[in-house]
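# Need a 3D model of the sequence below.
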Amino acid sequence: MTRRVVRYKFNERLVHAAAGLSYMYLLLTGLAFWTPALYWLAVVLGGGYLSRVVHPWVGLLFSGALVWMFVIWRGDMRVTTEDRAWRRAMRQYIRNEDARVPPAWRFNYGQKLLFWLMVGGGAALLLSGVVLWFVASIPWELRFLRYTATLVHAVAALLTVGGFIIHVYMGTAVVPGGLSAIIHGEVTEEWARHHHSLWFARLQSPGFPRPLAADPQPPVKSDARSRD
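Residues are numbered from 1 along each chain as shown. A predicted model of the protein is given here:
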C-alpha cells in the first residue's frame, strides 16, 4: 500500500486554520474600512457597525494564533546553511526547475520567510490596532501616536496581504498536495522525498520518531511506484 507520513499534527492544523480564517475576516473587513468602494464587504459580513465591533476582537484571535504558531514552529523556522543555498536557487524554484533546487528541511526558505513576515507583521498590526481601538483615550498631546499607528497598520496590512496571497497561490497552484497536507495532515513518502528531502531523510534516521499513516488503499505490487 502507499505509505504516508504525518507532516502536520492536529494542533498544527488547528492553529493554522484559526490563523487563516481569522486573517481572512480581518482582510475583508479591513478593506471595507479602507475605501467606500469596498464597504459592501462589511454589509455582507453583518453590517458596518457589527464589523467595526468584531474586527478588533478577531484581531486578538489572530494574534493569539500567531503566538501559538511561533511557539510550536520557531525551531523549524530557523534559517540554516541549506536555506541559504535554497535562497540562491529561488529563481530555479519559481521556474519549476526542481533538479537545480537544493534539498530543504521541513520548511523551505520561502516558507520560513513568509512565517517571519506574518509574525512581524502580526505584531505590528496588534500594537497599532490597540492604539486605533482606544484612539479616543489618547491625549491630544500624544496625537502622533494615532498618526503613527494609522501608517503602521496600513503598511503592515499591505505586507501581510501580499504574503497571504503568495502563500495561498504556492500552496494550491505551485505545489500540488500542499493544501491537502495542511487539511489532512499527511503526505505520501514520495511527496516528502521530492519537496523536503532533508526532512524526510531525518524521519528515516534510526531513533527518530517517524509517524506513519497507512493510506486506505488495496495493496499494490512491491515494484509499483507511488504517486503524489
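
# where do the helices sit along this protein?
10-34, 40-44, 48-73, 81-88, 90-94, 109-133, 143-169, 178-184, 189-195, 197-204 (DSSP state H).

# chain center to the second one, what's the gap?
The reference is to helix 40-44. Centroid separation for helix 40-44 versus its chain: 26 Å, with C-alpha atoms, centre = their mean, to the nearest Å.

# What helices and strands are in contact with it?
helix 10-34, helix 48-73 (3 or more C-beta pairs under 8 Å, 6 or more residues apart in numbering; DSSP states H and E). Placement of C-beta: from N, CA and C, glycine included.

# Equivalent analysis for the first one, please.
Here helix 10-34 touches helix 40-44, helix 48-73, helix 143-169, helix 178-184, going by 3+ C-beta pairs under 8 Å, 6+ apart.

# My guess is residue 11 contacts residue 72. True?
Yes: using C-beta atoms under 8 Å, residue 11 makes contact with residue 72 at a distance of 6.9 Å.

# which residues of this protein score low on pLDDT?
For the chain, the stretches flagged by pLDDT under 70 are 1, 206-228.

# Repeat the analysis, applying 80 as the threshold.
Across the chain, the ranges flagged by pLDDT under 80 are 1-2, 94-98, 205-228.

# For it, identify the residue most remote from the centre.
residue 141 (39.1 Å; C-alpha atoms, centre = their mean).

# How much space separates that one from residue 72?
42 Å (C-beta to C-beta, to the nearest Å).

# what's the neighbour count on residue 157?
Neighbours of residue 157 under the rule other C-beta atoms under 10 Å: 20.

# Leaving out chain neighbours, which residue sits closest to it?
Spatial nearest neighbour of residue 157, excluding adjacent residues (C-beta to C-beta, 6 or more residues apart in numbering): residue 30 at 5.9 Å.

# again with residue 199
Ranked by C-beta to C-beta, 6+ apart and with sequence neighbours excluded, the top spatial neighbour of residue 199 is residue 106, at 4.2 Å.

# Phi first, then psi, for that neighbour.
Torsion angles at residue 106 (phi, psi; degrees, to the nearest 10) stand at phi -60, psi -40.

# what does residue 177 give?
When read as degrees, to the nearest 10, the backbone of residue 177 gives phi 100, psi -10.

# Tell me how many other residues surround it.
Residue 177, neighbours per other C-beta under 10 Å, totals 19.

# Could you do residue 77 as well?
Applying other C-beta under 10 Å, we find 19 residues neighbouring residue 77.

# next one: the one 10 residues further on
Counted with other C-beta under 10 Å, residues neighbouring residue 87 total 16.

# Quickly note the distance from the residue nearest to it when sequence neighbours are not counted to residue 173.
Excluding the flanking residues, the one nearest residue 87 by C-beta to C-beta, 6+ apart is residue 109, at 4.8 Å. Distance, residue 109 to residue 173, by C-beta to C-beta: 19 Å.

# Residue 34 too?
For residue 34 relative to residue 173 (C-beta to C-beta), the value is 27 Å.

# Give me the more crowded residue out of the two.
residue 34 (13 against 10).

# Count the neighbours of the residue nearest to residue 87 for me.
22.

# tally of neighbours for the closest residue to residue 200 other than its chain neighbours?
Leaving aside its sequence neighbours, residue 200 sits nearest to residue 192 (C-beta to C-beta, 6+ apart; 4.1 Å). A count of nearby residues for residue 192, using other C-beta under 10 Å, gives 22.
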